[in-house]
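[1] This is a predicted model, with the sequence first.
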Amino acid sequence: METEPVRIELPKPQGYRCFACGTINPMGLNMSFYSLGQTVRSDVTLGEFHVGWENIAHGGLISTILDETMAWAVIAFKRVFFVTRSMEIRYLRPVLVNVPLTAIGEIEADTPGKSCVVKGALVDAEGTKLASAVAEMSILPEKRLHMLPPKYKGDMEIIFGQMIALLG
């Protein structure tokens, strides 16, 4: 008998202005994340200031949500510093504002120390897939980590340690 995956709330650094997940960006999305099995998820509801046309969400925000959720899959399960190298997105159905949505990210393939491929999806409350994405995330080599601001690097290393404690 298979057991249901357990929802585990993931920590995030405080005091940053990241548009997607930052805690002090008054115009940002302030996304929060949780793991469910081998996926990372974020529940979001876009509002009237997120439209591209009438009551349909702007495509750039949809790609931002998917990019960030896929990135958090890497943070949670790989615990490395990385950048999004490429992302392909498919808009499958209109994404309406003021409707609860769930973004899902999952690592699909891994080249240790170099990159990983992550897939993402944005679904509505009924599970209908509204958009999907695939991204290649390039892992930053040790010799490039000096470019990171020391406070950010230290805060993320704390988050990596918390992920190990939470997810194993």
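    That came through, no problem.
[2] Please make it C-alpha for all contacts and neighbour counts, starting now.
    Fine.
[3] Mind giving me the packing neighbours of the helix or strand residue 104 falls within?
    Using DSSP states H and E, residue 104 sits in strand 101-111. On a contact count with 3 or more Cα pairs under 8 Å, 6 or more residues apart in numbering; DSSP states H and E, strand 101-111 meets strand 39-44, helix 59-77, strand 115-124.
[4] moving C-terminal of the shortest one, what's the next helix or strand?
    Proceeding N to C from strand 39-44, the next assigned helix or strand is strand 51-53, under DSSP H and E.
[5] Run through who's touching the following helix or strand past that following strand.
    Sequence-wise, the next helix or strand downstream of strand 51-53 (DSSP H and E) is strand 56-57. Surrounding strand 56-57, the residues in contact under the criterion Cα atoms under 8 Å, 6 or more residues apart in numbering are 46, 50, 51, 94, 95, 96, 97.
[6] again, 6 Å this time
    50, 51, 95, 96, 97 (Cα atoms under 6 Å, 6 or more residues apart in numbering).
[7] Also stretch 148-161?
    Counting by Cα under 6 Å, 6+ apart, residue 79 sit against stretch 148-161.
[8] Which residues belonging to it are considered buried?
    Buried residues in stretch 148-161, defined by neighbour count with 16 or more other Cα atoms under 10 Å: 156, 159, 160.
[9] host element of the last one?
    The reference is to residue 160. Using DSSP H and E, residue 160 falls in helix 150-167.
[10] Would you reformat the helices and strands packed on strand 101-111 as a markdown table and include distance to residue 16?
    Converted to a markdown table, these look like this (distance: least, Cα to Cα, whole Å):
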| stretch | distance to residue 16 |
| --- | --- |
| strand 39-44 | 18 |
| helix 59-77 | 14 |
| strand 115-124 | 24 |
